[in-house]
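K.L.:
the following comprises the amino acid sequence and a computationally predicted model.
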There are 2 protein chains.
Amino acid sequence: MRKITRKLMLKNVPVGGNSPVTVQSMCTTRTHEVQQTLEQIEQLHEAGCEIIRVAVPGGQDATALRELAEKSPIPVVADVHFQSLYVFHAFDAGVAGVRVNPGNIRKFNDKLQEIVNAAKLNGIPLRIGVNAGSLDDEILKKHGETATADALVEAAMKEVRLFEDCNFHDFAISLKHHDVNTTVDAYSKLSELVDYPLHLGVTEAGPKFQGTIKSAVAFGALLRAGIGDTIRVSLTDNPIEEVRVGREILMSLGLKTRALEIISCPTCGRIETDVIELTARLETALQNYGQLGEKPLKIAVMGCIVNGPGEARDADIGVAGGKGKGDIFVRGKVIKTVPEAAIIPQLLRLVEEF
Amino acid sequence: MRKITRKLMLKNVPVGGNSPVTVQSMCTTRTHEVQQTLEQIEQLHEAGCEIIRVAVPGGQDATALRELAEKSPIPVVADVHFQSLYVFHAFDAGVAGVRVNPGNIRKFNDKLQEIVNAAKLNGIPLRIGVNAGSLDDEILKKHGETATADALVEAAMKEVRLFEDCNFHDFAISLKHHDVNTTVDAYSKLSELVDYPLHLGVTEAGPKFQGTIKSAVAFGALLRAGIGDTIRVSLTDNPIEEVRVGREILMSLGLKTRALEIISCPTCGRIETDVIELTARLETALQNYGQLGEKPLKIAVMGCIVNGPGEARDADIGVAGGKGKGDIFVRGKVIKTVPEAAIIPQLLRLVEEF
């Protein structure tokens, strides 16, 4: 059961409420290099990114926000630390949202009430982002100098109260840690305490392989528990990979429609057809499937008769391999048996007809 | 909270009870080609596989089991369908376990009681494996011709009762479907009904990318809920990948010790050091770390000062990059600042000392 949170609007993209869970990423370009940044945003958008964040470490970056907000095909969120000036810049520039922690603003120059007023006036939601790496000394001390789940939740609630004291409620929250269990515990606890939308992330998840699995495990546990309104996979890799992984996680849970699903067996000592080879060729041939709005397609590639026909039954199109040949299925019925070399052409013809 | 199940012993490897969750895989070689099969088992063992299954589709394969069981460094499970003769062969051969569904045996020649007696006599546990692709017509009909979670659980319970009627309880159960939600629902429901150990798997999960994420999402949700005693990731790829993914899933949840964890940031417009490059070089340099039993090591590679020092605090060794240089951390304290080119050599020297 999805937990229903407050709904925010990042321009035309809803986050929270019962809205679809969105995939977001962050640019790795220098924000003030507008052309490169817009190019990266375009690539990420094509890969399926729905919200994009850019860092605003300096004045040049703040200045660049106007053009980015105007030209980006997806909502732009400005990531600001400390300087309230840049937050006002971001509002003026017409960004869709700002990530900024009220505690930092309070420490810096205490323009919090002005920021909240301007956010309300412009209808721009904010995000509180608590990271294990930037907890304050008081909280760390209280929790044995360790960024535990309770420490993260306490830090978040402190930020929440600063916004609530200004009578501001139009914000999302993230609570990031590099450890999966701490992350899942922290979001689970926070979800019990507030109904603000939650932005899920495992931070500093690491290189692609480790980071993909950490994020999938953590988001799997949370999303299945109904927790999470928008997700960001962090990888030390091209952000396009983050988007691909994020989308795949949501698709695996039925939270996004999958244009093409390949149900293929892991192969074992029973197979008489090279399923790995067949599947790879099919994957390549159909890599652009869905980009022209084709309807969702399930293809089964099975190596033997033990589970083959049964699995193929659940697919739109399928093949169950045998010695040098394959039984071709359409919606669970064998329509013909073809020699091995004809399997791929036959399947592609059926995809065409489909 | 881990659900405590009955404990089985696959030779010296426990499954269930409160034993560590194990990683298993299945050979893709022809089982009767003993040399190739043993070579693959050796490779999988080196990659961290703890239990290996082999298919037994024919008499030659059944005959090969003795040598495999004798020479394999890890417990061998024979995967048998229908033919009770092969089950007896497997027991005689000294395998560690047999996957066989009592329903199939009953249909074939009804030697179920004899099989159970022999399993008890030899102290060999069995596994019931229910797959979406092989549900019987009666169950499918009852569930609208669809392999729903309830259909899978009903099929499993039917098999369970056949074993229980023979007064046999030394078995594990798997319930595999290619859909993540159905898989998670099915195992969750079954876990409420029985205390037999559960072997987790998403079947026909597909090619590496899709299959990795499906498995991580499903196992993440289940293991965090305390469900699952042994796991098998199914990928249409080299089974070594299955083992790598399975281990990574368990490590991400702290269910296996991670020899080397790299905490690296996803990079953004703030960074002044090429973190992707640094991380990749470090990953390569340390790829064999842990194989000689080195103690677990956490290295942080951070691109800027926002979360850098905080994250580095939690690592054994770390670097937070700046313009053309890096602050080197040991257990949270900066020990020196070095030029960019010296970062990797410096970190490797510290790993050495560590």
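P.N.:
Everything's here; your move.

K.L.:
so does the one helix or strand residue A:328 maps to get close to chain B?
P.N.:
Residue A:328 belongs to strand A:325-330 when elements are defined using DSSP states H and E. No - judged by CB under 8 Å from any CB of the partner chain, strand A:325-330 makes no contact with chain B; its nearest approach is 11.9 Å. For every residue, glycine as well, the C-beta is placed using N, CA and C.

K.L.:
what's that strand packed up against?
P.N.:
When contacts are defined as 3 or more CB pairs under 8 Å, 6 or more residues apart in numbering or on different chains; DSSP states H and E, strand A:325-330 sits against helix A:308-313, strand A:317-322, strand A:333-339, helix A:343-353.

K.L.:
closest one to chain B among those?
P.N.:
Closest approach to chain B among the helices and strands packed on strand A:325-330 (CB to the nearest CB): helix A:308-313, 2.9 Å.

K.L.:
now do the buried residues in stretch A:208-228.
P.N.:
A:208-225, A:227-228 (16 or more other CB atoms under 10 Å in any protein chain shown).

K.L.:
may I have that stretch as PDB, with CA atoms only?
P.N.:
Extracted C-alpha coordinates of stretch A:208-228, given in PDB (Å, rounded to 0.1, in the frame of the first residue of the first chain):
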ATOM      1  CA  LYS A 208      28.100   1.200 -11.100                       C
ATOM      2  CA  PHE A 209      27.900  -2.500 -10.100                       C
ATOM      3  CA  GLN A 210      27.900  -1.900  -6.300                       C
ATOM      4  CA  GLY A 211      25.800   1.300  -6.600                       C
ATOM      5  CA  THR A 212      23.100  -0.300  -8.800                       C
ATOM      6  CA  ILE A 213      22.600  -3.200  -6.400                       C
ATOM      7  CA  LYS A 214      22.700  -1.000  -3.300                       C
ATOM      8  CA  SER A 215      20.000   1.300  -4.800                       C
ATOM      9  CA  ALA A 216      17.900  -1.500  -6.100                       C
ATOM     10  CA  VAL A 217      18.000  -3.400  -2.800                       C
ATOM     11  CA  ALA A 218      17.100  -0.200  -0.700                       C
ATOM     12  CA  PHE A 219      14.500   1.200  -3.000                       C
ATOM     13  CA  GLY A 220      13.000  -2.300  -3.400                       C
ATOM     14  CA  ALA A 221      12.500  -2.600   0.300                       C
ATOM     15  CA  LEU A 222      11.100   0.900   0.700                       C
ATOM     16  CA  LEU A 223       8.900   1.100  -2.400                       C
ATOM     17  CA  ARG A 224       7.400  -2.300  -1.600                       C
ATOM     18  CA  ALA A 225       6.600  -0.900   1.800                       C
ATOM     19  CA  GLY A 226       4.800   2.000   0.100                       C
ATOM     20  CA  ILE A 227       7.500   4.500   0.900                       C
ATOM     21  CA  GLY A 228       9.000   6.900  -1.700                       C
END
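
K.L.:
thinking again about what came up before, the strand holding residue A:328 to helix A:343-353, inter-axis angle?
P.N.:
Strand A:325-330 and helix A:343-353 are oriented at 10 degrees to each other (axes from the mean of the first three to the mean of the last three CA atoms, to 10 degrees).

K.L.:
sorry, back to before: keep only those of the buried residues of stretch A:208-228 that are in helices.
P.N.:
Residues of the buried residues of stretch A:208-228 located in helices (DSSP state H): A:208-224.

K.L.:
quick check: the residue lying closest to residue A:67 once chain neighbours are set aside vs chain B, distance?
P.N.:
Once flanking residues are discounted, residue A:67 sits nearest to residue A:34: 5.2 Å by CB to CB, 6 or more residues apart in numbering or on different chains. Counting by CB to the nearest CB, to the nearest Å, the gap from residue A:34 to chain B is 11 Å.

K.L.:
so where's the stretch 151-300 of chain A shaky on pLDDT?
P.N.:
Applying pLDDT under 70 to the stretch 151-300 of chain A flags the ranges A:292.

K.L.:
so can I have CSV of the helices and strands packed on strand A:325-330 showing mean neighbour count, mean pLDDT and distance to residue B:275?
P.N.:
CSV is the format used below for the helices and strands packed on strand A:325-330 (neighbours: other CB atoms under 10 Å in any protein chain shown; pLDDT from 0 to 100; distance: least, CB to CB, whole Å):
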stretch, mean neighbour count, mean pLDDT, distance to residue B:275
helix A:308-313, 24, 70, 42
strand A:317-322, 25, 86, 43
strand A:333-339, 13, 89, 50
helix A:343-353, 16, 90, 41
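
K.L.:
could you break chain A into its assigned domains?
P.N.:
Domain assignment for chain A, taken from automatic domain parsing, gives A:7-252, A:260-353.

K.L.:
out of those domains, which is the most enclosed?
P.N.:
With neighbours taken as mean count of other CB atoms under 10 Å in any protein chain shown, the domains of chain A reach their highest mean count in domain A:7-252, at a mean of 21.
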